[in-house]
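>>> need a 3D model of the following:
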Amino acid sequence: MIALVTGGGGFLGGAITRKLLARGDRVRSFSRGDYPELRDVGVDVRRGELADAEAVASAVSGCDLVFHVASKAGIWGRDEDYHRTNVDGTAHVVAACRRHSVRRLVYTSTPSVVFNGRDMEGADESVPYADHFLAAYPRTKAEAERLVLTANDFELATVALRPHLIWGPGDNHLVPRILARGRSGALRRIGRSNNRVDSVYIDDAADAHLLAADRLEPGSIISGRAYFITQGEPVPLWSLVDRILAAGGLPPVRKSISPALAFFAGWVLETLYRITGNETEPRMTRFLARELSTAHWFDISAARRDLGYRPSIGVDEGMRRLAEDLEAESRSRLT
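Below is the predicted model:
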């Protein structure tokens with residue numbers, strides 16, 4: 001089997017790529033950057049933009065299966081940039097699958113597509129898409145997920161996975177952001193300390209994608225559906241943050257502010273940044289204020305039942321591995 005992984009050089013895309021190679025599949029990667037380390041292990045590395053329909057079509061040609069993992073993530077930026085990559089790019093992937101008779105498409109979505117700014121406790125896949133979004137990322141990911149799922153038919157089977165807060169060794173997004181803000185003293189607890197959240201260890205997130213791919217075919221029970229993917233182990237958000245800080249040798253977060261003040265600060269900063277044309281990310285946004293002050297954990301019964309998904313790395317074991325990786329990384333910098 002030849003599998004295409006968009007974003008194969010990224011955190012999740014790289015983990016999926018390694019697992020495909022380990023079981024003997026051939027892998028092609030499509031990313032903006034060059035990843036010689038993938039080429040060294042036998043990956044067919046293709047470079048291009050998701051917004052380039054012909055580049056996407058060329059990457060898809062000859063493949064049996066597509067994992068569409070790449071996206072423009074983040075909580076700040078121009079709406080048109082998010083739309084071009086996340087919506088137009090996904091439309092190009094779907095069109096390329098049809099053009100080259102690819103019959104299976106696994107799409108990486110996010111629980112943010114249903115996040116309405118309020119507590120979500122034990123939510124399952126029956127929860128509708130949010131009717132209002134505070135950032136371009138969840139809005140465009142919701143549009144893209146709809147596009148993928150409505151494309152499902154008896155020629156192209158599609159499924160969307162919604163992994164939540166992926167972390168672990170090699171993380172280039174969540175863990176580095178927390179550690180950088182911890183070092184600078186910029187972290188503040190927002191609201192109560194017991195709002196629980198789900199997360200998922202990188203290996204389990206990747207395993208879920210392979211499980212979905214292996215069960216996906218036109219007319220299968222999972223085709224045209226979305227699934228939450230988590231560790232099934234919700235923990236207090238600030239406990240999770242403190243444990244990541246501890247893994248990096250940093251003290252826990254001590255200072256706090258109210259949710260109302262954080263939301264107001266986010267509104268003020270967003271307004272100022274737009275007026276001044278500042279494209280760097282504000283320290284606080286309205287979306288981030290809501291994310292950090294609410295509970296959001298999900299029922300993964302459907303993934304267990306339909307995908308055979310069984311998370312295997314608990315938070316304790318994951319934190320041990322993360323601490324070892326960060327310590328090794330710190331030693332290598334010193335030498």
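>>> wait, A157 touches P218, no?
Yes - proximity of A157 to P218 meets the contact threshold set by CB atoms under 8 Å, at 4.5 Å. Bear in mind the C-beta positions are built from the backbone N, C-alpha and C, glycine included.
>>> neighbour count: the two, which is higher?
A157 (24 against 15; other CB atoms under 10 Å).
>>> so for the more buried one, what's the pLDDT?
The predicted structure scores A157 at 97 on the pLDDT scale.
>>> what do A157 and P218 both touch?
Counting by CB atoms under 8 Å, 6 or more residues apart in numbering, the common neighbours of A157 and P218 are R103.
>>> ok so V66 is a strand residue?
Yes - the assignment for V66 (DSSP: H, G, I helix; E, B strand; the rest coil) places it in a strand.
>>> who's in contact with it?
With contact taken as CB under 8 Å, 6+ apart, V66 is in contact with A3, L4, T6, V60, V93, C97, V102, R104, L105, V106.
>>> hmm, 6 Å instead?
With CB atoms under 6 Å, 6 or more residues apart in numbering as the criterion, the residues that contact V66 are L4, C97, V102, L105.
>>> contacts for the biggest helix by length in the chain, please.
Among the elements of type helix in the chain, defined by DSSP state H, the one spanning the most residues is helix 315-334. Residues from elsewhere that reach helix 315-334, judged by CB under 6 Å, 6+ apart: G168, P169, Y201, E233, R243, A247, G248.
>>> the same query, at a cut-off of 10 Å, please.
Residues from elsewhere that reach helix 315-334 (CB atoms under 10 Å, 6 or more residues apart in numbering): 167-171, 175-176, 179, 199-204, 231, 233-235, 239-240, 243-244, 246-249, 311, 313-314.
>>> so S293 touches M284, yeah?
No - taking contact to mean CB atoms under 10 Å, the distance of 11.3 Å between S293 and M284 leaves them out of contact.
>>> shared neighbours, the two?
Applying CB under 10 Å, 6+ apart, one finds that S293 and M284 are jointly contacted by I190, I257, A262, F263.
>>> same list (those) but as CSV, adding secondary structure.
Formatted as CSV, the entries for the shared contacts of S293 and M284 read as follows, by three-state DSSP:
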residue, secondary structure
I190, strand
I257, strand
A262, helix
F263, helix
